[in-house]
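Peer 1: sequence and predicted structure are below.
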Amino acid sequence: MAVAHMVKFTKQNFFFLVGGMIIYVVDIGVDFWVASRYFCQGQYSWSILILCFRGLSSIITQIFSYEWFKNDWEGTDTGKLKLVFLVHLFHCGIFIRYWFALKYGCQAAFKQTSSRGTSETDPSNFIQKQTIDAVTDINMLRVFKAFLETTPQLFLQIYILMEHGKTHFYQYAAIMMSFCGISLSMVDYQISLRKSLPDKDEFHLFSKFVYLFYKLLTITSWILSISLITLLNVRISVILLIFLWICGFIWTLKQNTTFCKSKKMEYLYRTVVGIILFFSFFNIKGRRTKFCISIYYATHTVVTLAILFVYIFWKPFIIKEICFTIVSILTLSSLVLGIIFLVVYYSHFHPTTYCTPQAYSDEMDGGAGQKVRVKSGRFQNFLMQ
């Protein structure tokens, strides 16, 4: 009987996992450092906003992390769950997940010999699956963090630079950490996607760069556009943000997502997805998205051009002409290049363009004919393309 192959967790994956944990810790330190610098300069609103983004992101990721532990450990010792709850209460749940991932990852990458068996019940393959599942959960949480905290902070830092013009080292540090956080979370997510769905090939180096540039460039263009409209009128910017979030939330409701076991958690998940959709396209059901993604980026293009035309004809004195010229060039070039990388990725590197479905596996929520491993996991309900 043909069975889907088991993807290996390699030494390279282990070192990336360690690097991701280090960047996660450094990012926390940079957040508090930047917030303290703004506070010392009397910029209390910026300091509070940075800490609010940080706090909101942490609360939501801790809630999801604890719920996943409850689902995975259902029927086990309640004392263990109480300890896990206490750790999550102090916002350290992600470190428990890193501990499990490093523990299993070390065994899978360094201590196991290669096995020719394809059954998930084989000891070596069981450790591989445990590792991939642990890393997958971490990368899910990092995607939440990237769009609930890192991307809004990047928008805030760019807005501050455009409004005041004065630059400091800690602002550049915050922007660099934001770009690093977004980049790693998106690429690591795609790596986990390929490993969790065995009918999909490995995420090779060139395809990683194409996907990375597609996401970063489109997000950068959108953030610059929103920064410009915020400079023009904060109220209009907030109304636009709320309107687009409502559109994303309604679209998520229409998808009838089944990511969480409880209705309350499902609505929280849909709320988070609505926020993510404000910044980047998010395929929550694994379905073919050619039409949806075309509408999504066509809308972003129209809004971006409309914002730039408003500045050209209105000629507000809020921003210097030379600064506006630079920002508009960066916005348009990022948008065009991002769309080009998007087309290249979906034409040549997207899994559905070259994957052969594996036989005798359960069918997932994906496109027609796609197959996945016998045991369904959270990732089958959480697909970002």
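Peer 2: Everything's here; your move. Numbering: from 1, shown residues only.
Peer 1: and the helices in the stretch 51-200 of the chain?
Peer 2: 78-89, 93-106, 123-145, 151-164, 169-196 (DSSP state H, counting those that start in this stretch).
Peer 1: which strands or helices does whatever helix or strand residue 311 lives in pack on?
Peer 2: Following DSSP states H and E, one finds residue 311 within helix 290-314. Other helices and strands packing on helix 290-314, by 3 or more CB pairs under 8 Å, 6 or more residues apart in numbering; DSSP states H and E, are helix 205-232, helix 321-344. No exception for glycine: its C-beta is placed from N, CA and C like everyone else's.
Peer 1: got the contact list for that helix?
Peer 2: With contact meaning CB atoms under 8 Å, 6 or more residues apart in numbering, helix 290-314 is reached by 218, 221-222, 225, 228-229, 232, 240, 277, 281, 283, 319, 324, 328, 331-332, 335, 339, 342, 346, 385.
Peer 1: before we move on, the earlier item: TSV for the helices and strands packed on helix 290-314, including distance to residue 129, mean neighbour count and mean pLDDT?
Peer 2: Converted to TSV, these look like this (distance: least, CB to CB, whole Å; neighbours: other CB atoms under 10 Å; pLDDT from 0 to 100):
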stretch	distance to residue 129	mean neighbour count	mean pLDDT
helix 205-232	23	20	89
helix 321-344	32	16	88
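Peer 1: buried residues, the helix holding residue 311. List them.
Peer 2: 292-293, 296-297, 300-301, 303-304, 307-308, 310-311 (16 or more other CB atoms under 10 Å).
Peer 1: stretch 39-57 too?
Peer 2: Result for stretch 39-57 [16+ other CB under 10 Å]: buried residues 43, 46-47, 49-51, 53-54, 57.
Peer 1: send me that stretch as PDB with only the CA atoms.
Peer 2: Written as PDB, here are the backbone C-alpha positions of stretch 39-57 (Å, rounded to 0.1, in the frame of the first residue of the first chain):
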ATOM      1  CA  PHE A  39       9.300  57.400  27.300                       C
ATOM      2  CA  CYS A  40      12.500  59.100  28.400                       C
ATOM      3  CA  GLN A  41      12.100  61.600  25.500                       C
ATOM      4  CA  GLY A  42       8.600  62.500  26.600                       C
ATOM      5  CA  GLN A  43       6.900  60.700  23.700                       C
ATOM      6  CA  TYR A  44       4.600  58.800  26.000                       C
ATOM      7  CA  SER A  45       2.000  58.000  23.300                       C
ATOM      8  CA  TRP A  46       4.600  56.200  21.100                       C
ATOM      9  CA  SER A  47       5.900  54.300  24.100                       C
ATOM     10  CA  ILE A  48       2.400  53.200  25.200                       C
ATOM     11  CA  LEU A  49       1.500  52.100  21.600                       C
ATOM     12  CA  ILE A  50       4.600  50.000  21.300                       C
ATOM     13  CA  LEU A  51       3.800  48.300  24.600                       C
ATOM     14  CA  CYS A  52       0.200  47.900  23.700                       C
ATOM     15  CA  PHE A  53       1.000  46.100  20.400                       C
ATOM     16  CA  ARG A  54       3.400  43.900  22.400                       C
ATOM     17  CA  GLY A  55       0.900  43.200  25.200                       C
ATOM     18  CA  LEU A  56      -2.000  42.400  22.800                       C
ATOM     19  CA  SER A  57       0.100  40.100  20.700                       C
END
